[in-house]
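Visitor: The following block contains a protein sequence and its predicted model.
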Amino acid sequence: MVELVRVRWAALLGVLLVLGASVQDAELAKESGVARIHVAVLPPTLNLTLGSSSSGRGIHAAIHESLIRRNAETLELEPSLCREFVVEDSLVLVPSGAAREAFAVELSGVEAGSSRLVVFGKVTEEEGGYRVTPRSEGNPLQEAVFIPMARVQAVERGTVFTLRLREDVLWHDGHGFDAGDVLFSWQLYSNPHVHCDSRRFQYQKITDAELLGSHGVRFFYEGQYFKSIEALASLCLLPSHLYDLRDPDHERHDSDADEVSLASEINENAHNREWVGLGPYRVLEWGAQWIRAQKFAGYYDSSRAGHLGEVWWRSLTSDTVLREALSEGILDFTDRLTPELAEELNTDEQLAERYSTGRFHQGRYGFIAWNLRLPELADQRVRRAIAHAFDFERFNASQYAGRAVRVTGPQNRLGPGYDQTVAPPEFDPERAEALLTEAGWIDRDGDGVLDLAGEDLEIELLLPAGNKPGLLVATVLQEELEPLGLRLIIQQLDIAALLGRVRARDFEAVLLAWTQPLESDPEQKWHSSNAENSGSSNFGGLDDPDVDELIRRGQAELNRATRFEIWRKLHRRLDELQPYLFLYDAPSTYALHSEIGGFRSSPVPPNYDVREWVRH
C-alpha cells in the first residue's frame with residue numbers, strides 16, 4: 001500500500017511539473033480569464049508554410065489571421081484582413097499587335113517562358129463574341145468592351161482576384177501589415193529551396209500577381225481552379241520585415257540575397273516558433289510542453305478580439321497524465337477522451353460537476369498507406385487481401401462501442417464528393433487467402449509464413465508511439481494476418497522519426513490520419529507528379545493515369561454537381577486500387593470545464609472558436 005501511494009504521488013507530481021499548474025493555478029486562471037487547452041503534441045512550427053499539423057492549425061486559428069475566412073455558421077467565405085475581394089474572369093486572346101495595344105495585359109503563360117494576352121472582368125457571351133465588363137478597382141479596362149469570337153483563345157472563369165486590404169492591421173511587434181507582406185508570402189512558393197512542398201502545388205497555380213498601392217494586391221490564376229479562393233484564404237501570411245532579407249526593414253537587409261539565402265531565412269527563422277502574427281492573441285512563451293498566448297491590445301477587429309486574457313496549449317502525451325490533469329481541474333478542454341475516461345467523467349460525481357462531455361466529428365480518417373514501390377505491395381491483390389483480413393467490426397466494438405464509421409475513400413465522409421455507395425471490403429479471411437495464393441504467395445517451406453522467390457511475406461508497419469487506437473488497429477490486423485501466413489511487424493516511433501522515414505520513403509507501411517475539409521483537393525495525396533516528391537503527401541507512390549485525369553478534370557470544374565461526381569469517380573477508382581487500407585472516422589469525445597462558456601462545435605476546423613469562449 002505504501003508503494004502504491006508513492007507511485008500515485010509521483011504521477012501527480014509529474015502532472016504538476018508538466019502543466020506548471022496546481023489547484024491554486026486553477027483559481028488564478030478563473031480570475032485572469034485563462035483557458036488551458038490540451039493538445040497531444042505541440043506543433044514543430046507555427047509557420048504553416050512549412051507544413052501543418054492539426055494542433056498547429058488549431059493554435060493558428062487563435063493567434064493569426066487570413067485574408068479571407070470561412071464563417072463558422074454560414075460556411076461562406078468573407079473578408080477578414082481584406083475589406084473586399086473581387087473575383088473576375090479571364091479572356092485569353094489570340095495574340096495580335098492590335099489586341100496588345102487596345103485592351104490586353106501580358107501575363108505569364110502556363111508554360112515556362114511563355115506569355116499570354118488577357119482581358120479580365122465579368123465575361124458574358126453575346127452573339128459573335130464576348131463582352132468584358134471591369135469589376136475591380138484598378139482594372140486596366142475603363143469600360144466594357146466587346147471582343148469578337150475570332151480574337152478569343154479561351155475563357156477562364158473566376159481566375160482573377162483583387163483584394164483591398166485593411167489599413168489598420170498591425171503585426172504583433174507593432175509593424176504595419178501591407179500588400180508587400182501578402183505578395184512576399186505568395187512569392188516564396190516559387191523558391192525551390194523553401195520547405196513548402198506539401199502546399200506548393202496550390203500557389204504555383206497562380207502565375208502572376210501585382211501590387212495595387214500599399215494595400216491592394218491582385219492575383220492571376222493560370223486557369224480555372226475550384227479551390228482558388230480557398231487557397232488565398234489559407235495562404236499563411238508572414239511578416240516581410242522578419243522573413244524577407246530583401247525587405248529594407250529586415251535587420252539583416254540584403255537586396256542581393258540569392259534564393260538559397262532567402263529560403264534559409266524562411267526555413268530556419270527563429271520566428272517560426274517566436275511567432276509574430278496578426279491575431280487577437282500573441283505568443284509570449286513556448287516551453288517544452290506548452291505554448292502560452294496573451295491578448296493583443298493592437299488587434300484591429302473588436303468583434304473578433306476574444307474574451308479571454310490568456311490561452312495555453314499544453315502537451316499531454318499519455319492518458320494517465322491527462323486523467324490526473326482533469327482530476328485536479330487544471331485543464332479546461334480536451335477533445336481526446338478515451339471511452340474509459342469519458343465514462344469516468346460522466347459517472348464520478350465530482351468530475352461530472354466540473355466537466356461536461358460531448359462529441360463532434362473533425363473530418364478525420366485513419367489509414368494505412370502502403371509503399372507501392374515494393375514488389376510485394378505493388379501487387380493490388382496483396383493489398384486487397386489485407387483489406388479483407390481486417391476485422392473492423394471487432395475493433396469498432398472494442399474501442400468505440402460501435403460509434404466509428406468505416407471509410408472507403410479520400411474525401412470527407414460527410415462531404416458531397418464522398419461516394420456513399422462504395423461498400424468497404426468485407427471481413428473475409430478465405431477471400432484474403434485466395435488472393436494471396438493467386439498472387440503467388442504460398443508457404444513453400446512450411447514455417448507458417450508465406451514466401452515467393454525465396455522472400456517471406458513480412459511487412460513492417462510504422463505508427464506513432466503513444467497512439468492507443470492506432471496500436472489497437474495494428475494489433476487486430478496483426479492477429480488476423482498471422483493465420484494467413486502474412487507477418488505484420490509493428491514498429492512504434494516518435495512522430496519526428498516516423499515522419500523522417502516517410503519523407504525518405506524508407507517504410508513499408510505507415511499508419512496515420514488525415515483531417516479533411518468538407519471538400520479537399522486530391523492532387524498532393526494522389527497525383528503521380530508527387531509520387532517521388534519527398535515533401536509531398538503521395539508518399540505511397542501511387543502512379544495511375546486514370547487518377548491523374550480525374551484530378552485534372554475535377555480541379556478545373558467549377559460546377560459543383562459535376563465536380564462532385566468526378567470526385568466520386570475518383571473515390572471508386574481508389575477503392576479498386578486500394579493504395580491505402582482506409583480505416584475509419586470516429587467522433588472526437590471532448591471534456592469542457594464548467595467555468596468555460598461560449599463553446600460550440602463547428603464543421604470548420606479546428607471545430608471550435610477559442611475567441612468565443614469566456615470564463616465565468
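Guide: It's in. Numbering: from 1, shown residues only.

Visitor: So which residues of the stretch 351-500 of the chain form helices?
Guide: Counting by DSSP state H, counting those that start in this stretch, residue ranges of the helices within the stretch 351-500 of the chain are 375-378, 380-389, 392-400, 429-438, 468-481, 495-503.

Visitor: Ok, the stretch 201-350 of the chain next?
Guide: Under DSSP H, counting those that start in this stretch, the stretch 201-350 of the chain gives helices at 228-233, 240-243, 259-267, 319-328, 339-347, 349-354.

Visitor: Mean confidence (pLDDT) on the fourth one, please.
Guide: Taken as a whole, helix 319-328 has a mean pLDDT of 92.

Visitor: For that helix, buried residues please.
Guide: For helix 319-328, a neighbour-count test (16 or more other CB atoms under 10 Å) marks Val321, Leu322, Arg323, Glu324, Ala325, Leu326, Ser327, Glu328 as buried. From N, CA and C alone the C-beta is placed, and that goes for glycine too.

Visitor: That helix vs helix 339-347, what angle?
Guide: For helix 319-328 against helix 339-347, the angle by axes from the mean of the first three to the mean of the last three CA atoms, to 10 degrees is 10 degrees.

Visitor: Could you check how far helix 319-328 is from the centre of its chain?
Guide: 28 Å (CA atoms, centre = their mean, to the nearest Å).

Visitor: Packing partners of it?
Guide: helix 2-19, helix 339-347, helix 349-354 (3 or more CB pairs under 8 Å, 6 or more residues apart in numbering; DSSP states H and E).

Visitor: rerun at 10 Å
Guide: Packing contacts for helix 319-328, counted by 3 or more CB pairs under 10 Å, 6 or more residues apart in numbering; DSSP states H and E, involve helix 2-19, helix 23-32, strand 34-39, strand 310-315, strand 333-334, helix 339-347, helix 349-354, strand 588-593.

Visitor: CA atoms of it as CSV?
Guide: Listed in CSV are the C-alpha atoms of helix 319-328, where the atom choice follows Å, rounded to 0.1, in the frame of the first residue of the first chain:
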residue,chain,number,x,y,z
ASP,A,319,-3.9,9.1,-20.9
THR,A,320,-2.6,8.8,-17.3
VAL,A,321,-1.3,12.4,-17.2
LEU,A,322,-4.5,13.6,-18.9
ARG,A,323,-6.7,11.9,-16.3
GLU,A,324,-4.7,13.4,-13.5
ALA,A,325,-4.9,16.9,-15.0
LEU,A,326,-8.7,16.6,-15.3
SER,A,327,-8.9,15.2,-11.8
GLU,A,328,-7.1,18.3,-10.4
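
Visitor: what angle separates it from strand 310-315?
Guide: 150 degrees.

Visitor: ok and helix 319-328 relative to strand 34-39, angle-wise?
Guide: 160 degrees.

Visitor: contacting residues around the nearest residue in space to Ser534 that is not next to it in sequence?
Guide: Distance criterion CB to CB, 6 or more residues apart in numbering; nearest residue to Ser534, sequence neighbours excluded, is Arg503 at 5.1 Å. Arg503 is in contact with Asp197, Asn533, Ser534, Gly535, Ser536, Phe539, counting by CB atoms under 10 Å, 6 or more residues apart in numbering.

Visitor: and the helices of the stretch 351-500 of the chain, which is most packed in?
Guide: helix 380-389 (a mean of 23; mean count of other CB atoms under 10 Å).

Visitor: which parts of the lengthiest strand in the chain are buried?
Guide: In the chain, with assignment by DSSP state E, the single longest strand is strand 152-165. For strand 152-165, a neighbour-count test (16+ other CB under 10 Å) marks Val152, Glu156, Gly158, Thr159, Val160, Phe161, Thr162, Leu163, Arg164, Leu165 as buried.

Visitor: What angle do strand 152-165 and the helix or strand following it make with each other?
Guide: The C-terminal neighbour of strand 152-165 among helices and strands, as given by DSSP states H and E, is helix 179-187. On the basis of the same axes, to 10 degrees, helix 179-187 is oriented at 130 degrees to strand 152-165.

Visitor: pLDDT averaged over helix 179-187 - what is it?
Guide: In this model, helix 179-187 has an average pLDDT of 98.

Visitor: Which positions within that helix qualify as buried?
Guide: Residues Ala179, Gly180, Asp181, Val182, Leu183, Phe184, Ser185, Trp186, Gln187 are the ones in helix 179-187 that count as buried (16+ other CB under 10 Å).

Visitor: What is the nearest of these to Glu125?
Guide: Trp186 (31.5 Å; CB to CB).

Visitor: Please tell me I have it right and that closest one contacts Phe220.
Guide: No - counting by CB atoms under 10 Å, Trp186 does not reach Phe220; the two are 11.3 Å apart.

Visitor: Quickly list what's touching both of these two.
Guide: Contacts common to Trp186 and Phe220, judged by CB under 10 Å, 6+ apart, are Ile206, Ala209.

Visitor: check contacts around Leu512.
Guide: 366-369, 462-464, 467, 470, 495, 498-499, 502, 537, 539, 580, 583.

Visitor: Among those, which lie within strands?
Guide: Among those, the members falling in strands (DSSP E) are Gly366, Phe367, Ile368, Ala369, Leu462, Leu463, Pro464, Tyr580.

Visitor: residues near the second one, how many?
Guide: Think Phe367. 19 (other CB atoms under 10 Å).

Visitor: ok, Arg505 - how many residues close by?
Guide: Should you count by other CB under 10 Å, Arg505 turns out to have 14 residues around it.

Visitor: Pick out whichever of the contacts of Arg503 sits closest to Ala389.
Guide: So of the contacts of Arg503, ranked by how close each gets to Ala389 (CB to CB), first place is Phe539, at 22.9 Å.

Visitor: Assess the claim that the closest one and Gly500 are in contact.
Guide: No - if you go by CB under 10 Å, Phe539 and Gly500 don't touch, sitting 11.8 Å apart.

Visitor: For Tyr299, give me its contacts.
Guide: Under the criterion of CB under 10 Å, 6+ apart, the neighbours of Tyr299 are Glu65, Val169, Leu170, His172, Leu278, Gly279, Pro280, Tyr281, Arg282, Ala305, Gly306.

Visitor: With adjacent residues omitted, what lies nearest to Arg563?
Guide: Here the residue nearest Arg563, using CB to CB, 6+ apart, is Glu557, at 4.1 Å.

Visitor: okay but the one you found is in contact with Glu565, surely?
Guide: Yes - with contacts counted by CB under 10 Å, Glu557 reaches Glu565, the gap being 9.2 Å.

Visitor: Pull the contacting residues for the closest residue in space to Phe184 that isn't next to it in sequence.
Guide: In space, and not counting its chain neighbours, Phe184 is closest to Ser240: 4.4 Å by CB to CB, 6+ apart. Contacts for Ser240 (CB under 10 Å, 6+ apart) come out as 171, 175, 177-178, 180-185, 187, 246-250.
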